[in-house]
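Visitor: with the input below, show me the fold.
(4 chains)
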Protein chains: 4
Amino acid sequence: MNRRVHSREVKAAAMERLRERGVTIDGIAEIVHRMQSPYCEGLTMDLCVESVIAVLEKREIQHAILVGIELDRLADRKQLSEPLQSLIESDEGLFGCDETLALGSVFGYGSIAVTTFGYLDKHKIGMIEKLDTKTDGPIHTFLDDLVASIASAASSRLAHRIRDEEERKGEVPDSHAG
Amino acid sequence: MNRRVHSREVKAAAMERLRERGVTIDGIAEIVHRMQSPYCEGLTMDLCVESVIAVLEKREIQHAILVGIELDRLADRKQLSEPLQSLIESDEGLFGCDETLALGSVFGYGSIAVTTFGYLDKHKIGMIEKLDTKTDGPIHTFLDDLVASIASAASSRLAHRIRDEEERKGEVPDSHAG
Amino acid sequence: MNRRVHSREVKAAAMERLRERGVTIDGIAEIVHRMQSPYCEGLTMDLCVESVIAVLEKREIQHAILVGIELDRLADRKQLSEPLQSLIESDEGLFGCDETLALGSVFGYGSIAVTTFGYLDKHKIGMIEKLDTKTDGPIHTFLDDLVASIASAASSRLAHRIRDEEERKGEVPDSHAG
Amino acid sequence: MNRRVHSREVKAAAMERLRERGVTIDGIAEIVHRMQSPYCEGLTMDLCVESVIAVLEKREIQHAILVGIELDRLADRKQLSEPLQSLIESDEGLFGCDETLALGSVFGYGSIAVTTFGYLDKHKIGMIEKLDTKTDGPIHTFLDDLVASIASAASSRLAHRIRDEEERKGEVPDSHAG
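Guide: The predicted model follows:
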């Protein structure tokens, strides 16, 4: 009776859910660009887009997107039981399950990802700010944390890649004399 | 329009959800007893029950219970969209959101809690085994991890309390001479 | 041969290490005050100090303080082996062990603590800024993250306490009518 | 004055430290084999070795190895200040920093990695058991957790790869009809 779900289907559904809620890869890449350009002169949007796409390939992130947006959508339609309906509808500050779900996929990208996530949670920029302030529109209690988690993971991935590239090009001296 | 939910209401709802899914405080306390009695001679069930009750007082755990059991119940009624419905229904091994949600409240109790949670996830004992093996009954994809997280948190809390008590009684020498 | 260490000794040593490196409870409490006063009208420094002291009572935080400051001190004296000595001395951005060690005790205080920690890591304020910018003085690679973790934990603890207090006073309506 | 350390140097040092403490890639791969063979018929040691090698390529794991083994070595030589020296020497059960440091790199590999780590911490197998029981030899307070973390990360990585391979071969049906 139970069926195994192919990862192609999971990925397609996760991308579709993001699109339906107005989240674009470019919008997330802009956040990555703002977070990482102070540390990386001449950072292009192309590199940021590439990093966001790579992060969205991960099963763990796709699953979190499916769960989080499902809960937001059910809350939109008042289909959750109380008091969960009210907790999600009001984006209750001490709720925490939205951050916990999003953090699960952030850890995978190291401590830079965790600290970037924390920063974005307090200092909402770009698309995250828009998601957070829509007071009349759809509920985005989980979605804003998911977007912050994708942007944080992509930022950390980029920082590591850029360092790897610098080392490959010989910009970091490889000797004890240092 | 939005209302703030009183923590009394959150707690009552979380306890009611556990009861409805057949989870009792005594059942969780038995797992705690089996996990901690090797490290603590003469450990009573009373102390384990007390520790489980204390853990269930935490907002973070109550919120995780509400979210997890809601998702299990919606999956029971086939009210989730695909492919999430199939992922939860089949308790897909690589899903991960069930463990992530449960881990959020485990971290609060330190590293003993995390390792106990990992052990219980692989080596299901007591009530967790029963929840995991019911193939015809209700879906417990999130519930078994929630029970493991409550038991792990209560085990770690107990280990710390017992040590505090030993120190209070002077069983740990308080000097450099050791 | 091995001796068990009394928690009184652990606590005294952790407090002494902080003092030696110039970290005061008041200094940490000021960070807490700046982080939490936007969410809490009329927040007093007394409440912040009390919250910092409570956090410093935790074994997990005391252990992290002992380990982190020990590594900073050994690096000061060039007593670490290479390349660890250089990694810590240069506060290498991708090092990560400093944040990991500090995060261990942050998780215990829930998602507000994790996001506050991330914010403080990017946006160093008060004493953390001073620790981060001393270029000639002692090495504070671990210490600045430890201070951020104590401040984050104390901020989150305070947010939960204030909410509890509001509920106790009846400021949050306790009914489904909301 | 400060020098940037090349990742080649970090990797070489981490591998050398493991070797000096008697830890081999084959020894870790055996643990991976025991953990994953129940879920994967015909799992070869070659695949496990490959997965361990891939995990050891990660900066975050290499840094944790350098920090953890350094602390074990300093404790061996009684070069840590008290009470940290005694806490590490006695492998104090409530210490926690050893698990925290090791967990940092485990998170990167998802929830299977975290639960495998928890299991290995309670149910020490293979090389981890040997490290844990040497009572006269060198101190392995951090090392046994590091080995458990590498084995856990490699186990989780393997589980995800095997699933990807099954999907590539068409063993998981890719349709809603399931």
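
Visitor: pLDDT weak spots in chain A?
Guide: Applying pLDDT under 70 to chain A flags the ranges A:1-3, A:133-135, A:171-178.

Visitor: please see if whichever helix in it runs longest touches chain B.
Guide: Counting by DSSP state H, the longest helix found in chain A is helix A:143-168. No - Helix A:143-168 stays clear of chain B (Cβ under 8 Å from any Cβ of the partner chain), getting no nearer than 11.2 Å. In short, each C-beta sits where N, CA and C put it, glycine included.

Visitor: report the central residue of chain A.
Guide: Most central in chain A under Cα atoms, centre = their mean is A:I150, positioned 1.9 Å from the mean C-alpha point.

Visitor: quick revisit: which other helices and strands does the longest helix of chain A contact?
Guide: helix A:25-36, helix A:45-56, helix A:59-76, helix A:97-106, helix A:110-122, helix A:127-133, helix D:7-20 (3 or more Cβ pairs under 8 Å, 6 or more residues apart in numbering or on different chains; DSSP states H and E).

Visitor: quick check: which of the ones you listed is nearest to chain B?
Guide: helix A:97-106 (3.3 Å; Cβ to the nearest Cβ).

Visitor: what helices and strands are in contact with that closest one?
Guide: Counting contacts by 3+ Cβ pairs under 8 Å, 6+ apart, helix A:97-106 is packed against helix A:59-76, helix A:110-122, helix A:143-168, helix B:59-76, helix B:97-106, helix C:110-122.

Visitor: in CSV, list the ones you listed along with distance to C:A159.
Guide: Formatted as CSV, the helices and strands packed on helix A:97-106 follow (distance: least, Cβ to Cβ, whole Å):
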stretch, distance to C:A159
helix A:59-76, 23
helix A:110-122, 13
helix A:143-168, 17
helix B:59-76, 11
helix B:97-106, 16
helix C:110-122, 5
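
Visitor: so which of those helices is nearest B:R19?
Guide: With Cβ to Cβ, the closest approach to B:R19 among those belongs to helix B:59-76: 10.6 Å.

Visitor: what's around the closest residue to chain C within chain A, how many residues?
Guide: Nearest to chain C, among the residues of chain A, is A:G118, at 1.4 Å (Cβ to the nearest Cβ). Here the count is done by other Cβ atoms under 10 Å in any protein chain shown, and A:G118 has 32 residues near it.

Visitor: pretty sure it is touching C:F117, no?
Guide: Yes - A:G118 lies in contact with C:F117 (Cβ atoms under 8 Å); the separation is 5.6 Å.

Visitor: ok, how many other residues are close to A:I28?
Guide: A:I28 is flanked by 28 other residues according to other Cβ under 10 Å.

Visitor: tell me who's in contact with it.
Guide: Under the criterion of Cβ atoms under 8 Å, 6 or more residues apart in numbering or on different chains, the neighbours of A:I28 are A:52, A:127, A:147, A:150-151, A:154.

Visitor: that one and A:G108, how far apart?
Guide: 17 Å (Cβ to Cβ, to the nearest Å).

Visitor: what do you get for A:L66?
Guide: 17 Å.

Visitor: higher neighbour count, those two?
Guide: Using other Cβ under 10 Å as the criterion, A:L66 and A:G108 rank with A:L66 on top: 23 against 20.

Visitor: so what's the residue count around the nearest residue to that one once chain neighbours are set aside?
Guide: Excluding its sequence neighbours, the residue lying closest to A:L66 (Cβ to Cβ, 6 or more residues apart in numbering or on different chains) is B:L84, at 4.7 Å. Under the neighbour criterion other Cβ under 10 Å, B:L84 is assigned a count of 25.

Visitor: same check, this time on the one 3 residues further on
Guide: Residue neighbour count, defined by other Cβ under 10 Å, stands at 27 for B:L87.

Visitor: wait, what's in contact with it?
Guide: A:5, A:10, A:63, A:66, B:95.

Visitor: and chain A, which of its residues are near chain C?
Guide: Going by Cβ under 8 Å from any Cβ, the residues of chain A near chain C are A:39, A:82, A:86, A:93-94, A:96, A:99-100, A:103, A:110-112, A:114-123, A:159-160, A:163, A:176, A:178.

Visitor: now do the contacts for A:S152.
Guide: Contacts of A:S152 by Cβ under 8 Å, 6+ apart are A:35, A:106, A:109, A:113-114, A:116-117, A:120.

Visitor: which one (most neighbours) among those residues?
Guide: A:V106 (31 neighbours).

Visitor: most neighbours, which of the contacts of B:L87?
Guide: A:H63 (27 neighbours).

Visitor: how near is that residue to B:P83?
Guide: 10 Å.

Visitor: overlap in contacts of the two?
Guide: Common neighbours of A:H63 and B:P83, counting by Cβ under 8 Å, 6+ apart, are A:V10.

Visitor: ok, back up a step: just the buried subset of the residues of chain A next to chain C, written out for PyMOL, thanks.
Guide: A single PyMOL command selects the buried members of the residues of chain A next to chain C (16 or more other Cβ atoms under 10 Å in any protein chain shown):
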select buried, chain A and resi 86+94+96+99+100+103+110+111+112+114+115+116+117+118+119+120+121+122+159+160+163+178
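
Visitor: sorry, back to before: mind putting the contacts of A:S152 into JSON lines with distance to A:T141?
Guide: Listed next are the contacts of A:S152 as JSON lines, based on distance: Cβ to Cβ, whole Å:
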{"residue": "A:M35", "distance to A:T141": "23"}
{"residue": "A:V106", "distance to A:T141": "17"}
{"residue": "A:Y109", "distance to A:T141": "23"}
{"residue": "A:A113", "distance to A:T141": "21"}
{"residue": "A:V114", "distance to A:T141": "21"}
{"residue": "A:T116", "distance to A:T141": "20"}
{"residue": "A:F117", "distance to A:T141": "16"}
{"residue": "A:L120", "distance to A:T141": "15"}
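
Visitor: how about the contacts made by the nearest residue to A:I31 once chain neighbours are set aside?
Guide: Once flanking residues are discounted, A:I31 sits nearest to A:A151: 4.1 Å by Cβ to Cβ, 6+ apart. If a contact means Cβ under 8 Å, 6+ apart, then A:A151 has A:28, A:31-32, A:35, A:52, A:116, A:120, A:128 as its contacts.

Visitor: now stretch A:9-16: buried residues?
Guide: If you call a residue buried by 16+ other Cβ under 10 Å, then stretch A:9-16 has these buried ones: A:9-11, A:13-14.

Visitor: please identify which of the contacts of A:A151 is nearest to C:D132.
Guide: A:T116 (17.2 Å).

Visitor: run a quick check on the closest one versus A:A154, I expect a contact.
Guide: No - under the criterion of Cβ under 8 Å, A:T116 makes no contact with A:A154, lying 9.3 Å away.

Visitor: show me what from chain A comes close to chain B.
Guide: Counting by Cβ under 8 Å from any Cβ, chain A sits next to chain B at A:2-5, A:9-10, A:13, A:59-60, A:63-64, A:66-67, A:70-71, A:73-74, A:79-84, A:86-87, A:89-90, A:92, A:94-97, A:100-101, A:103-104.

Visitor: tell me the contacts of the residue nearest to A:L66?
Guide: A:13, A:66-67, A:70.

Visitor: as TSV, those residues with distance to C:I139 would be great.
Guide: Below are the contacts of B:L84 laid out as TSV (distance: Cβ to Cβ, whole Å):
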residue	distance to C:I139
A:A13	49
A:L66	45
A:V67	43
A:E70	47
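
Visitor: of those, which pair is most distant in space?
Guide: A:A13 and A:V67 (11.5 Å).

Visitor: and A:R168, how many residues sit next to it?
Guide: For A:R168, using other Cβ under 10 Å, the count is 10.

Visitor: any idea how far it lies from chain B?
Guide: To chain B, A:R168 is 33 Å away according to Cβ to the nearest Cβ, to the nearest Å.
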